[in-house]
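In: I would like the atomic coordinates for the input below:
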Amino acid sequence: MIVSEQLSFFSLDETQTVITKRQGTHPRDDIVWSYSRREALEQCPRKYYYDYYGANSKTAKNEKDKAILQQAKHLKNRYLRSGEILHLVIRTYLKDCQNGKKWSDNGLIEWAKKIFQEDKEYSSNNDSREKQSKQKYPPTQLLEYHFHHQDAETFYVEAEKRLIRSISSFVESPELAPFHKGATQPDAKIEKKFVLQNGIFRARGQVDLAYSTEETTVIVDWKTGEAGGAEESLQLAFYGLWAKDEFNRVPDKIQLFRVNLAEGKAQQFFLTTKSLSQAKAKIMQDLERMQMLHSYGVNANAKAFTPCGQTKICALCPFQGICPKE
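Out: Modelled structure (predicted):
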């Protein structure tokens, strides 16, 4: 059964204040909002600096550790990498369905396991890494092996089990069958990248699946874990902002779904004019914070970005080898 939820972020009075304050402003060319960018800032300001300034070849020119940061940025932890593989498998499956090709769940699982195994061999074996690094598309270097975590192998056995369970749920769950059918439409959008520009801000995103029926437009966001909270609801509302213009739909004709792939369950969120206004206000608040920090980032002033110092977050961070953490 599909669970439903109303999108809500903060009070309408707060929304009106933020929007009124910014009337007549113009989008900044130097910062483009994205959900992943705001998530990085919320999670750890120092990681935000490393991601968007320190490791960026186009900015923070005075960053003395730029080469180290750029190398570290390519490391992927077990959750991020298994999520990437899962999205690759789903994208391939749906696009092939559009062309009349049908994968078996076993075929998808074996392909995903092969990618994961190549990543592990690449990350844990120096000889293998030296040989494979010369390939045009080498495997991914896994964070836990790079930092020689004693439980790396156990972590990746567990991650592979979750990945297999998620693929099976994606293929077999009857609750997800309508999304499979919708994706076969010739004009269905699968992992569609987009830029939203409304005269006040610019924002970038990528929607996992979008398609239309005669009456509605359906937006689907695949998640590898349990359903999230209000912050992920912002991500869905942002997709709603895009869909409103892209498909010329009123809010109540846009259906938003977050899918928990581990369980094969879909949760629907209802979009309203109010929740769209709230999403715009939240994005502008985020951009205001980012703009306040921007000059520090451009000038490579890493000390202006405080490390979060949270053990669980630090353990999954690719920059843990250089971050002071305290």
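In: For residue 322, what are phi and psi?
Out: phi -120, psi -20 (degrees, to the nearest 10).
In: Could I get the contacting residues of it?
Out: 50, 65, 68, 69, 72 (Cβ atoms under 8 Å, 6 or more residues apart in numbering). From N, CA and C alone the C-beta is placed, and that goes for glycine too.
In: Quick one: residues contacting the last one.
Out: Residues in contact with residue 72 (Cβ under 8 Å, 6+ apart) are 50, 55, 318, 319, 321, 322.
In: try 7 Å
Out: Residue 72 makes contacts with 318, 319, 321, 322, as judged by Cβ atoms under 7 Å, 6 or more residues apart in numbering.
In: how about the CA coordinates for stretch 263-281, as PDB?
Out: Extracted C-alpha coordinates of stretch 263-281, given in PDB (Å, rounded to 0.1, in the frame of the first residue of the first chain):
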ATOM      1  CA  GLU A 263      11.500  -2.600   1.100                       C
ATOM      2  CA  GLY A 264       9.900  -2.100  -2.400                       C
ATOM      3  CA  LYS A 265       7.500   0.500  -0.900                       C
ATOM      4  CA  ALA A 266       6.300   3.800  -2.300                       C
ATOM      5  CA  GLN A 267       5.400   6.900  -0.300                       C
ATOM      6  CA  GLN A 268       3.300   9.600  -2.000                       C
ATOM      7  CA  PHE A 269       3.700  13.300  -1.200                       C
ATOM      8  CA  PHE A 270       1.000  15.800  -2.100                       C
ATOM      9  CA  LEU A 271       2.100  19.000  -3.700                       C
ATOM     10  CA  THR A 272       0.300  22.300  -3.100                       C
ATOM     11  CA  THR A 273       0.800  26.000  -4.000                       C
ATOM     12  CA  LYS A 274       1.800  26.500  -0.400                       C
ATOM     13  CA  SER A 275       4.500  23.800  -0.400                       C
ATOM     14  CA  LEU A 276       5.900  25.200  -3.700                       C
ATOM     15  CA  SER A 277       6.200  28.700  -2.200                       C
ATOM     16  CA  GLN A 278       7.800  27.100   0.900                       C
ATOM     17  CA  ALA A 279      10.300  25.300  -1.300                       C
ATOM     18  CA  LYS A 280      11.300  28.500  -3.100                       C
ATOM     19  CA  ALA A 281      11.800  30.300   0.200                       C
END
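In: Which positions within that stretch qualify as buried?
Out: For stretch 263-281, the neighbour count (16 or more other Cβ atoms under 10 Å) marks 264-267, 269-271, 275-281 as buried.
In: Quick check: mean pLDDT of it?
Out: Mean pLDDT, stretch 263-281: 94.
In: same deal with stretch 160-167?
Out: For stretch 160-167, mean pLDDT is 96.
In: residues in contact with that stretch?
Out: Taking contacts as Cβ under 7 Å, 6+ apart, the residues outside stretch 160-167 that touch it are 82, 85-86, 89, 105, 108-109, 112-113, 116, 224, 261-262.
In: Let me know the closest of the buried residues of stretch 263-281 to residue 173.
Out: Nearest to residue 173 among the buried residues of stretch 263-281: residue 264, at 3.0 Å, using Cβ to Cβ.
In: So which of the contacts of residue 322 sit within helices?
Out: Judged by DSSP state H, helices contain the following of the contacts of residue 322: 68, 69, 72.
In: how about those residues in JSON lines, adding pLDDT and distance to residue 46?
Out: Below are the ones in helices among the contacts of residue 322 laid out as JSON lines (pLDDT from 0 to 100; distance: Cβ to Cβ, whole Å):
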{"residue": "68", "pLDDT": "97", "distance to residue 46": "14"}
{"residue": "69", "pLDDT": "97", "distance to residue 46": "11"}
{"residue": "72", "pLDDT": "97", "distance to residue 46": "13"}
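In: Can you show me the strands along the chain?
Out: Assigned by DSSP state E, the strands in the chain fall at 3-6, 189-197, 202-212, 217-223, 254-260, 265-270.
In: Between those, which shows the greatest average number of neighbours?
Out: Ranked by mean neighbour count, the strands of the chain are led by strand 254-260 with a mean of 23 (mean count of other Cβ atoms under 10 Å).
In: Check which helices and strands that strand is in contact with.
Out: With contacts defined as 3 or more Cβ pairs under 7 Å, 6 or more residues apart in numbering; DSSP states H and E, strand 254-260 has these neighbours: strand 217-223, helix 230-246, strand 265-270.
In: Out of those, the one nearest residue 311 is which?
Out: Relative to residue 311, the nearest member of those by Cβ to Cβ is helix 230-246, separated by 20.9 Å.
In: Pull out the buried positions in the closest one.
Out: Neighbour counts over helix 230-246 (16+ other Cβ under 10 Å) mark 232-244, 246 as buried.
In: shaky segments in the stretch 201-326 of the chain?
Out: Flagging of the stretch 201-326 of the chain using pLDDT under 70 yields the residue ranges 226-232, 326.
In: how about 80 then?
Out: Across the stretch 201-326 of the chain, the ranges flagged by pLDDT under 80 are 225-232, 325-326.
In: As TSV, the contacts of residue 322 with distance to residue 206 would be great.
Out: Formatted as TSV, the contacts of residue 322 follow (distance: Cβ to Cβ, whole Å):
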residue	distance to residue 206
50	22
65	30
68	29
69	24
72	24
